[in-house]
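# Model the structure of this input:
(chains A and B)
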Amino acid sequence: EAGVAQSPRYKIIEKRQSVAFWCNPISGHATLYWYQQILGQGPKLLIQFQNNGVVDDSQLPKDRFSAERLKGVDSTLKIQPAKLEDSAVYLCASSPGWGQGDTGELFFGEGSRLTVL
Amino acid sequence: GESVGLHLPTLSVQEGDNSIINCAYSNSASDYFIWYKQESGKGPQFIIDIRSNMDKRQGQRVTVLLNKTVKHLSLQIAATQPGDSAVYFCAENNNAGNMLTFGGGTRLMVKP
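Sure, this is the predicted structure:
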(Lines give C-alpha, C1' and ligand atoms only; values in the text may rest on other atoms or scores of the structure.)
Protein backbone atom coordinates (compact mmCIF):
# COMPACT_ATOMS: atom_id res chain seq x y z
CA GLU A 1 0.00 0.00 0.00
CA ALA A 2 1.42 3.39 -0.96
CA GLY A 3 2.04 5.75 1.92
CA VAL A 4 1.44 9.47 2.27
CA ALA A 5 3.31 11.31 -0.47
CA GLN A 6 4.70 14.80 0.01
CA SER A 7 6.63 17.18 -2.20
CA PRO A 8 8.98 18.85 -2.37
CA ARG A 9 11.19 17.16 0.24
CA TYR A 10 13.35 20.24 0.64
CA LYS A 11 12.83 23.91 -0.12
CA ILE A 12 15.01 26.92 0.56
CA ILE A 13 13.55 30.39 0.10
CA GLU A 14 14.23 33.91 1.24
CA LYS A 15 11.96 35.66 3.70
CA ARG A 16 8.90 37.30 2.17
CA GLN A 17 8.86 34.78 -0.66
CA SER A 18 6.07 32.25 -1.05
CA VAL A 19 6.13 28.46 -1.00
CA ALA A 20 3.64 25.65 -1.54
CA PHE A 21 3.70 22.08 -0.32
CA TRP A 22 1.68 19.24 -1.73
CA CYS A 23 0.34 16.12 -0.04
CA ASN A 24 -1.37 13.03 -1.41
CA PRO A 25 -2.84 10.94 1.41
CA ILE A 26 -3.30 7.20 1.50
CA SER A 27 -6.08 6.20 -0.86
CA GLY A 28 -9.45 6.19 0.84
CA HIS A 29 -8.38 8.15 3.90
CA ALA A 30 -11.00 10.73 4.72
CA THR A 31 -9.01 12.77 7.20
CA LEU A 32 -5.92 14.79 6.31
CA TYR A 33 -3.70 16.79 8.63
CA TRP A 34 -0.91 19.30 8.22
CA TYR A 35 1.57 19.54 11.07
CA GLN A 36 4.49 21.91 11.59
CA GLN A 37 7.56 20.47 13.30
CA ILE A 38 10.22 22.92 14.38
CA LEU A 39 13.62 21.38 15.03
CA GLY A 40 13.76 19.84 18.49
CA GLN A 41 10.01 19.94 19.06
CA GLY A 42 7.03 17.68 18.59
CA PRO A 43 4.69 18.16 15.63
CA LYS A 44 2.10 20.91 16.05
CA LEU A 45 -1.22 20.65 14.25
CA LEU A 46 -1.90 23.43 11.75
CA ILE A 47 -5.08 22.23 10.09
CA GLN A 48 -7.29 19.17 9.86
CA PHE A 49 -9.58 18.28 6.96
CA GLN A 50 -12.42 15.76 6.91
CA ASN A 51 -12.95 15.04 3.21
CA ASN A 52 -12.89 18.55 1.70
CA GLY A 53 -14.10 20.40 4.79
CA VAL A 54 -11.99 22.02 7.49
CA VAL A 55 -12.46 20.44 10.93
CA ASP A 56 -9.97 22.60 12.81
CA ASP A 57 -7.64 25.39 11.72
CA SER A 58 -7.39 27.20 15.05
CA GLN A 59 -3.58 27.02 15.09
CA LEU A 60 -3.07 28.03 11.47
CA PRO A 61 -1.56 31.55 11.13
CA LYS A 62 -4.17 32.66 8.65
CA ASP A 63 -2.48 35.93 7.79
CA ARG A 64 0.22 33.99 5.94
CA PHE A 65 -0.75 30.32 5.83
CA SER A 66 -3.50 28.78 3.73
CA ALA A 67 -4.47 25.23 2.92
CA GLU A 68 -7.01 23.58 0.71
CA ARG A 69 -8.29 20.13 -0.13
CA LEU A 70 -10.69 20.97 -2.89
CA LYS A 71 -11.65 17.49 -4.09
CA GLY A 72 -11.25 15.77 -0.77
CA VAL A 73 -8.13 13.92 -1.84
CA ASP A 74 -4.80 15.74 -2.14
CA SER A 75 -4.02 18.96 -0.37
CA THR A 76 -1.82 22.03 -0.71
CA LEU A 77 -0.35 24.13 2.09
CA LYS A 78 0.86 27.59 1.14
CA ILE A 79 2.91 30.16 3.01
CA GLN A 80 2.96 33.73 1.75
CA PRO A 81 4.97 35.69 2.73
CA ALA A 82 7.39 33.43 4.59
CA LYS A 83 9.14 34.49 7.77
CA LEU A 84 12.35 33.18 9.28
CA GLU A 85 10.39 31.44 12.05
CA ASP A 86 8.54 29.36 9.45
CA SER A 87 11.66 27.24 8.99
CA ALA A 88 10.46 23.78 9.94
CA VAL A 89 9.42 20.41 8.58
CA TYR A 90 5.85 20.38 7.32
CA LEU A 91 4.33 16.97 7.87
CA CYS A 92 1.21 15.71 6.19
CA ALA A 93 -0.71 12.84 7.76
CA SER A 94 -3.89 10.97 6.96
CA SER A 95 -6.23 8.58 8.71
CA PRO A 96 -9.21 6.52 7.55
CA GLY A 97 -11.62 8.52 9.65
CA TRP A 98 -12.55 8.91 13.24
CA GLY A 99 -15.26 7.14 15.06
CA GLN A 100 -16.01 4.29 17.35
CA GLY A 101 -13.70 1.46 16.55
CA ASP A 102 -11.21 3.59 14.64
CA THR A 103 -7.76 3.43 16.11
CA GLY A 104 -7.01 7.06 15.54
CA GLU A 105 -3.61 6.16 14.15
CA LEU A 106 -2.20 8.81 11.85
CA PHE A 107 -0.03 7.82 8.90
CA PHE A 108 2.64 10.40 8.24
CA GLY A 109 4.53 11.35 5.12
CA GLU A 110 8.25 12.02 5.24
CA GLY A 111 7.74 15.75 5.39
CA SER A 112 8.81 18.84 3.49
CA ARG A 113 11.74 20.64 5.05
CA LEU A 114 11.54 24.41 4.65
CA THR A 115 14.47 26.73 5.26
CA VAL A 116 13.76 30.44 5.20
CA LEU A 117 16.84 32.65 4.84
CA GLY B 1 21.04 13.10 7.99
CA GLU B 2 20.00 16.06 10.07
CA SER B 3 18.88 15.19 13.57
CA VAL B 4 15.25 15.57 14.50
CA GLY B 5 15.87 16.27 18.14
CA LEU B 6 18.98 18.34 18.79
CA HIS B 7 17.71 19.78 22.06
CA LEU B 8 15.48 16.99 23.29
CA PRO B 9 15.95 15.03 26.51
CA THR B 10 18.17 12.09 25.71
CA LEU B 11 18.14 8.56 27.03
CA SER B 12 21.27 6.54 26.36
CA VAL B 13 21.13 2.77 26.82
CA GLN B 14 23.35 -0.18 26.10
CA GLU B 15 22.29 -2.54 23.34
CA GLY B 16 20.32 -5.41 24.85
CA ASP B 17 19.16 -3.46 27.89
CA ASN B 18 15.56 -2.41 28.44
CA SER B 19 14.54 1.20 27.81
CA ILE B 20 11.85 3.20 29.55
CA ILE B 21 10.67 6.47 28.04
CA ASN B 22 8.30 8.61 30.07
CA CYS B 23 5.69 11.15 29.13
CA ALA B 24 3.46 13.42 31.19
CA TYR B 25 0.24 14.51 29.54
CA SER B 26 -1.80 17.53 30.45
CA ASN B 27 -5.43 16.92 29.56
CA SER B 28 -7.34 14.76 32.01
CA ALA B 29 -10.08 14.39 29.38
CA SER B 30 -7.71 12.63 26.98
CA ASP B 31 -8.91 9.10 26.36
CA TYR B 32 -6.53 7.79 23.74
CA PHE B 33 -2.76 7.80 23.61
CA ILE B 34 -0.21 6.85 20.99
CA TRP B 35 3.54 6.44 20.97
CA TYR B 36 5.34 7.42 17.76
CA LYS B 37 8.92 6.80 16.70
CA GLN B 38 10.64 9.32 14.44
CA GLU B 39 13.93 8.55 12.73
CA SER B 40 16.05 11.30 11.30
CA GLY B 41 14.62 12.70 8.09
CA LYS B 42 11.41 10.71 8.32
CA GLY B 43 7.87 11.23 9.50
CA PRO B 44 6.63 9.81 12.81
CA GLN B 45 5.78 6.12 12.74
CA PHE B 46 3.11 4.48 14.91
CA ILE B 47 4.44 2.13 17.58
CA ILE B 48 1.60 1.34 19.96
CA ASP B 49 -1.57 2.88 21.33
CA ILE B 50 -3.69 2.58 24.45
CA ARG B 51 -7.17 3.71 25.41
CA SER B 52 -7.95 5.22 28.79
CA ASN B 53 -9.94 2.19 29.93
CA MET B 54 -6.70 0.22 30.01
CA ASP B 55 -3.55 0.63 32.08
CA LYS B 56 -1.23 -1.63 30.12
CA ARG B 57 -0.88 -2.84 26.58
CA GLN B 58 1.82 -5.00 25.06
CA GLY B 59 3.16 -5.27 21.56
CA GLN B 60 6.21 -6.87 20.06
CA ARG B 61 9.09 -5.87 22.38
CA VAL B 62 7.13 -2.79 23.49
CA THR B 63 4.79 -2.16 26.38
CA VAL B 64 2.83 1.00 27.14
CA LEU B 65 1.73 1.79 30.67
CA LEU B 66 -0.89 4.39 31.49
CA ASN B 67 -1.38 5.94 34.92
CA LYS B 68 -4.39 8.22 34.73
CA THR B 69 -4.11 9.25 38.37
CA VAL B 70 -0.89 11.13 37.75
CA LYS B 71 -1.41 11.62 33.99
CA HIS B 72 1.67 9.63 33.10
CA LEU B 73 2.46 7.42 30.15
CA SER B 74 5.51 5.26 29.62
CA LEU B 75 6.95 3.22 26.79
CA GLN B 76 9.07 0.22 27.63
CA ILE B 77 11.29 -1.31 24.96
CA ALA B 78 12.70 -4.73 25.73
CA ALA B 79 16.16 -5.77 24.54
CA THR B 80 16.86 -2.42 22.91
CA GLN B 81 18.52 -2.64 19.51
CA PRO B 82 20.52 -0.09 17.48
CA GLY B 83 17.54 0.24 15.15
CA ASP B 84 15.53 1.60 18.06
CA SER B 85 17.62 4.76 18.06
CA ALA B 86 15.22 7.58 17.26
CA VAL B 87 13.11 10.30 18.83
CA TYR B 88 9.99 9.05 20.60
CA PHE B 89 6.87 11.13 20.99
CA CYS B 90 3.76 10.48 23.00
CA ALA B 91 0.51 11.93 21.69
CA GLU B 92 -2.88 12.34 23.36
CA ASN B 93 -6.38 12.69 22.01
CA ASN B 94 -9.55 13.68 23.81
CA ASN B 95 -11.83 12.45 21.03
CA ALA B 96 -13.59 15.80 20.99
CA GLY B 97 -11.89 17.29 17.97
CA ASN B 98 -10.20 14.14 16.74
CA MET B 99 -6.86 15.85 17.12
CA LEU B 100 -3.64 14.41 18.40
CA THR B 101 -1.51 16.67 20.58
CA PHE B 102 2.14 15.68 20.65
CA GLY B 103 4.52 15.92 23.58
CA GLY B 104 8.04 17.26 23.33
CA GLY B 105 9.78 13.97 22.60
CA THR B 106 12.71 11.97 23.97
CA ARG B 107 15.77 10.98 22.01
CA LEU B 108 16.84 7.36 22.49
CA MET B 109 20.45 6.51 21.74
CA VAL B 110 21.53 2.88 21.75
CA LYS B 111 25.18 2.15 22.37
CA PRO B 112 26.55 -1.00 20.71
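# which residues touch the closest residue to residue A:28 other than its chain neighbours?
Once flanking residues are discounted, residue A:28 sits nearest to residue A:96: 6.8 Å by C-beta to C-beta, 6 or more residues apart in numbering or on different chains. C-betas here are computed from N, CA, C, even on glycine. By C-beta atoms under 8 Å, 6 or more residues apart in numbering or on different chains, the contact set of residue A:96 is A:28-31, A:102.
# mind listing what residue 33 touches?
Because you didn't say which chain, this covers chain A. Residue A:33 is in contact with A:45, A:47-49, A:92-95, A:106, counting by C-beta under 8 Å, 6+ apart.
# oops, I was thinking of chain B
Contacts for residue B:33 (C-beta under 8 Å, 6+ apart) come out as B:25, B:49-52, B:64, B:66, B:73, B:90-93.
# what's the answer for residue B:23, then?
Contacts of residue B:23 (C-beta under 8 Å, 6+ apart): B:72-75, B:90, B:103, B:106.
# Helices - which of the residues you listed land there?
Assignment to helices by DSSP state H places none of those there.
# From the residues you listed, pick out the ones that also neighbour chain A.
Restricting the contacts of residue B:23 to those touching chain A (C-beta under 8 Å from any C-beta of the partner chain) yields residue B:103.
# Residue numbers of chain A in contact with chain B?
Counting by C-beta under 8 Å from any C-beta, chain A comes close to chain B at A:4, A:31, A:37, A:39-45, A:48, A:55-56, A:91, A:93, A:98, A:103-111.
# just the buried members of the residues you listed?
Taking 16 or more other C-beta atoms under 10 Å in any protein chain shown as the criterion, what is buried in these is A:4, A:31, A:37, A:41-43, A:45, A:48, A:55-56, A:91, A:93, A:98, A:104, A:106-111.
# and stretch A:24-43, how far apart are its ends?
19 Å (C-alpha to C-alpha, to the nearest Å).
# thinking again about what came up before, tell me which of the contacts of residue B:23 fall in strands.
Of the contacts of residue B:23, the ones assigned to strands by DSSP state E are B:72-75, B:90, B:106.
# Please name the nearest non-neighbouring residue to residue A:50.
Using C-beta to C-beta, 6+ apart and skipping the chain neighbours, the partner closest in space to residue A:50 is residue A:31 (5.5 Å).
# What residues are recorded as beta-bridge partners of the one you found?
residue A:50, residue A:95 (DSSP bridges).
# Centre-most residue in chain B?
Nearest residue to the geometric centre of chain B (C-alpha atoms, centre = their mean): residue B:35, 3.9 Å.
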